[in-house]
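J.: Fold the following, please.
(2 chains)
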Number of protein chains: 2
Amino acid sequence: MSAVIANPTPALTLYQQLADSVQTLIERGTLRPGSRVPSVRRMALQRDVSIATVIQAYTVLENRGLLEARPQSGYYVRSRPGLLAPEPRMARPMARPSEVGVSDLAAEVVNASAEPDFVALGAACPHHSLFPTKKLARLLGAAGRDDPSLIGRYAMDASHPPLCREIARRYLQVGTPLDHDELVITVGCTEALNLSLRAVTRPGDTIAIETPTYFGILQTTQALGLKVIEIPSDPRDGICLDALQRALETCPIKAVLLIPTFSNPLGACMPDARKAALYELLATHDLPAIEDDVYGDLHWGDRRPKPLKAWDTDGRVLLCSSFGKTLAPALRVGWCAPGRYLERVRRLKFTNTVGTPVILQKTLSDFLRNGGYDHHLRSIRRAYREQVQRFSTAIVSAFGAGTRISRPQGGFVLWVELPAGVDTVRLHQDALRHRINIAPGPLFSVRDRYRHCLRINCGLPWNETIEQAIATLGTLARAQTSD
Amino acid sequence: MSAVIANPTPALTLYQQLADSVQTLIERGTLRPGSRVPSVRRMALQRDVSIATVIQAYTVLENRGLLEARPQSGYYVRSRPGLLAPEPRMARPMARPSEVGVSDLAAEVVNASAEPDFVALGAACPHHSLFPTKKLARLLGAAGRDDPSLIGRYAMDASHPPLCREIARRYLQVGTPLDHDELVITVGCTEALNLSLRAVTRPGDTIAIETPTYFGILQTTQALGLKVIEIPSDPRDGICLDALQRALETCPIKAVLLIPTFSNPLGACMPDARKAALYELLATHDLPAIEDDVYGDLHWGDRRPKPLKAWDTDGRVLLCSSFGKTLAPALRVGWCAPGRYLERVRRLKFTNTVGTPVILQKTLSDFLRNGGYDHHLRSIRRAYREQVQRFSTAIVSAFGAGTRISRPQGGFVLWVELPAGVDTVRLHQDALRHRINIAPGPLFSVRDRYRHCLRINCGLPWNETIEQAIATLGTLARAQTSD
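T.: Okay, the predicted model is just below:
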């Protein structure tokens, strides 16, 4: 047994330890509902940690629904801790390769996402008002005015070097040095995943994925004629390395595809030690990994988690990402850092779409260079975090006892496990009639799993329509169990 | 034997008959070099045809290099008819399926195309000055200003309905009625071809293609794991239906992929009757065809040839095209009208790149709706035609006796067959050292064919640099034969 697997739960960070310790005090009643917890400064002194660590810990507890911040007053233990739903359970392993079926359900959810008057809880799409679209529109207009040839010059080369440099610069800041010409700019993260899969597999091959996982990944996999093995994923810590190792030892797996940082739909984030262990496992089995890092910049804590790519010493990680969740979904600009598969991905890019519109690449590159991106990210992270908390509270009240909800530390989606007996495919169909779109659980697996689960998009600024929609979902779900 | 094949050379149109008849008079010396041919009006009376027919016939002869127009004076027989090179010969059939190899040569040509200071005779890319880029840049800026949400609104739906309506409206004008929601907007024609191939084949399948054909098609085919059978193509009339029929009868062909209208690289245009016959053949064998129509709007004559899709009564033609050769190469907007494969192509689009940037779709839709497109097309057709004629003349002088050149009636590329003994791969390498990029013949086949051929991009406004480059190519080629 390798060292990797012998230590399945790597050491917690200081702030996580502190959060857990305070949580224990709450659960044991030492800190009672409604009481004020020690101030940040006092707690830092008490525990001999930095102020930042305490802020992180309190943030975690706030997100877990245990504390609430009162402006100018401090943090208090929530008076209705009963509202805090437990977290969903990890799926049981079932490591046999499966064909991936075409999903009419996915098409239905996707089509409903395009309906302008639906409450868009289905697709993982933030509301456009959260993005700096006016500023981007100005930059786009200026780019065309300054150099109209950006529209007419056939760019055989996929990637605009200034944009690649900006992206590489940002990865350097999170301990992931990349050369700008190691990047291939793609049409969104979806094309990056496609090219990566095609670079490391052939039709009929089997890949390992997390379960539950983003249905777009399943559809892409199916379209490429690949089989998948679903590896259970812990709602907090991500893919189960034990189960992955067993699968690697028993099946002819050609690659692992996963979202290590704020996964979709669970919101799980693999701690650094688990990412390191995953990389060891890949190296042992000499396998490539395709890393979807599209939520990586959307951490709510202070620190941007490192991507798996940060551990990549021999080019086996194909890092895929985009600006789709952070800046400009409709510009469809993503990228791939394919490591040792660079030349193969470059050629596949040429055969797939030739290039990515260079005027859009220049617009994003200008935005990044002008330094507005970090400021924007701070504001969007705050917004997502607040929205997720509001949605979370509303979901618990709407669905009641027996509901489990994920507690992500980043991103903007929630995974909800409803009381036994609720069928979310039926809930989805009922909801459509109320012009509400949700993503029912079975979408997120190739087996008939998660029928009582659903994913909720919290990328929408909170308002009464949403509040009402969630209440309606609760009513519809309860109607099922009282049938 | 079907009626289709019994008539491999369909009747010529009136103007082609007239052109051929006048050509015979020139070849026999009845009309002598330097002499004036009958005026359009007189010829129309003499032959009892319309004035339009005579104009078409004289245009054809002008393009064949036999006549020249002198302003305010009329048409004259060219004084140096010796400069008119014969046309290339059709390849011999060799109908066995071949694996498609990855081509380093293609990568080399593509990479050199991105070099700004190279004479870009390699890739089939018109010069950006030929496109209305300033107007498009203004429309793009306005689109973003008027509705910034076009940048931030995640469009799950690939296709912008107003653009689809404009495209459908144009096809209606050439006898090809399409409903706007039969169209899928793609990232260039390349993505349309990809999705179409994936919709009708599985890896390992065999498809029939023309030879020679565009190397991008070969690369895409290879990347999808398909095998190809190369069907000879006539430099004027396109794919040889006899040879195609034989191949269909003997091989398990799953689809035919071709460029029926102004093929790349030959510039061949299948006459209507041959398109109809091809369609019959497809129907007989119950096969789909993927039609690359990217040059269809670039006819030099009066009439826009109908696409093969015009004959499609049962949805077996997947029409693929883009604005890449006519309007805005760098915006990467194309489309697919997949017939009965619509739902499959739509889903593949979602799994491949999700959507095509909607702000670019809106920009093109606005341009088309404002009516500037037809005017622009007239000007670009004239420009391409003049450029091709200039290039053609220069190529004949540069390469001398034994050279054959295609005589397209549309588009902007020339296929050149050099005297025996010239190796165009070597010529390409020598030319790169002179900062000249060409596309050597072997790129256009999966077998080692066309080693003495090359394709020349005439999409560049004529100037001294180009004149010099072609002369240099001639010198380099002659140096080979005098080795």
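J.: Is A:Q245 in contact with A:E280, as I believe?
T.: No. The pair A:Q245 / A:E280 is not scored as a contact, 10.2 Å apart, by Cβ atoms under 8 Å. Backbone N, C-alpha and C define where each C-beta goes, glycine included.
J.: Show me which of these two is the more surrounded one.
T.: A direct count of neighbours by other Cβ atoms under 10 Å in any protein chain shown for A:Q245 and A:E280 places A:Q245 higher, at 21 against 16.
J.: tell me the SS of that one?
T.: helix (DSSP: H, G, I helix; E, B strand; the rest coil).
J.: Can you check the pLDDT for it?
T.: The score at A:Q245 is 96. That number is its pLDDT.
J.: swap in A:G459?
T.: A:G459 is given a pLDDT of 95.
J.: these two touch, right, it and A:F131?
T.: No. Between A:G459 and A:F131 there is no contact under Cβ under 8 Å: 10.5 Å.
J.: Where do the strands of the stretch 151-300 of chain A begin and end?
T.: Assigned strands in the stretch 151-300 of chain A, in chain order: A:184-187, A:206-211, A:227-234, A:238-239, A:253-258, A:289-292 (criterion: DSSP state E, counting those that start in this stretch).
J.: which residues are contacting the first one?
T.: Just to be clear, that refers to strand A:184-187. Contacts with strand A:184-187, where a contact means Cβ atoms under 8 Å, 6 or more residues apart in numbering or on different chains, come from A:158-160, A:163-164, A:192, A:195, A:320, A:322, A:332-338, A:342, A:345-346, A:349, A:353, A:356, A:361, B:187, B:353-354, B:356.
J.: Show me which residues of the stretch 201-350 of chain A sit near chain B.
T.: Within reach of chain B by Cβ under 8 Å from any Cβ of the partner chain, the stretch 201-350 of chain A has these residues: A:202-203, A:216, A:219-220, A:222-223, A:225, A:324, A:328-332, A:347-348, A:350.
J.: Mind doing that once more with 7 Å?
T.: A:203, A:219-220, A:223, A:225, A:328-332, A:347-348, A:350 (Cβ under 7 Å from any Cβ of the partner chain).
J.: pLDDT averaged over stretch A:54-67 - what is it?
T.: The average pLDDT for stretch A:54-67 rounds to 81.
J.: Which residues outside it are in contact with it?
T.: Stretch A:54-67 is contacted by residues A:15-16, A:18-19, A:22-23, A:26, A:37, A:40, A:43-44, A:68-69, A:75-78, A:81, A:83-84, A:300-302, A:389, A:392, A:407, A:409 when judged by Cβ atoms under 7 Å, 6 or more residues apart in numbering or on different chains.
J.: Report the buried members of the residues you listed.
T.: Buried by 16 or more other Cβ atoms under 10 Å in any protein chain shown: A:15-16, A:18-19, A:22-23, A:26, A:37, A:40, A:43-44, A:75-78, A:84, A:300-301, A:389, A:392, A:407, A:409, out of the contacts of stretch A:54-67.
J.: Can you get me a residue count around A:L150?
T.: Count around A:L150 with other Cβ under 10 Å applied: 25.
J.: Isn't it up against A:K362?
T.: Yes. Applying Cβ atoms under 7 Å as the test, A:L150 and A:K362 come out as touching, 6.3 Å apart.
J.: Overlap of the contact sets of the two?
T.: A:A143.
J.: related to what we said a few turns ago, quick one: which of the residues of the stretch 201-350 of chain A next to chain B sit in helices?
T.: A:Q219, A:T220, A:A223, A:R347, A:L348, A:F350 (DSSP state H).
J.: A:R455 in helix, strand or coil?
T.: Per three-state DSSP, A:R455 ends up strand.
J.: Look up how far B:P329 lies from it.
T.: From A:R455 across to B:P329, the span is 39 Å (Cβ to Cβ, to the nearest Å).
J.: Mind checking which of these two has more residues around it?
T.: A:R455 (30 against 26).
J.: and A:S263, how many residues sit next to it?
T.: A:S263: 29 neighbours (other Cβ under 10 Å).
J.: what domains does the record give for chain A?
T.: A:3-82, A:101-129+A:375-481, A:133-373 (automatic domain parsing).
J.: where's the stretch of helix or strand A:E68 belongs to relative to the chain centroid, distance-wise?
T.: Take DSSP states H and E as the rule and A:E68 turns out to sit in strand A:67-70. Distance of strand A:67-70 from its chain centroid, counting by Cα atoms, centre = their mean, to the nearest Å, is 26 Å.
J.: With stretch A:60-69 instead?
T.: Centroid displacement of stretch A:60-69 relative to its chain, using Cα atoms, centre = their mean, is 21 Å.
J.: List the buried residues of that stretch.
T.: For stretch A:60-69, by 16+ other Cβ under 10 Å, it's A:V60, A:L61, A:E62, A:N63, A:R64, A:G65, A:L66, A:L67.
J.: among those, which two are most distant?
T.: Spatial extent of the buried residues of stretch A:60-69 (Cβ to Cβ) is set by the pair A:V60 and A:G65 at 10.7 Å.
J.: quick one: which of the strands of the stretch 151-300 of chain A is nearest B:P440?
T.: Closest among these, using Cβ to Cβ: strand A:184-187, at 26.2 Å.
J.: Around chain B, which positions in the stretch 351-483 of chain A sit nearby?
T.: Selection of the stretch 351-483 of chain A residues close to chain B by Cβ under 7 Å from any Cβ yields A:T351, A:N352, A:T353, A:V354, A:G355, A:P357, A:V358, A:I359, A:L360.
J.: 8 Å instead?
T.: Counting by Cβ under 8 Å from any Cβ, the stretch 351-483 of chain A sits next to chain B at A:T351, A:N352, A:T353, A:V354, A:G355, A:T356, A:P357, A:V358, A:I359, A:L360.
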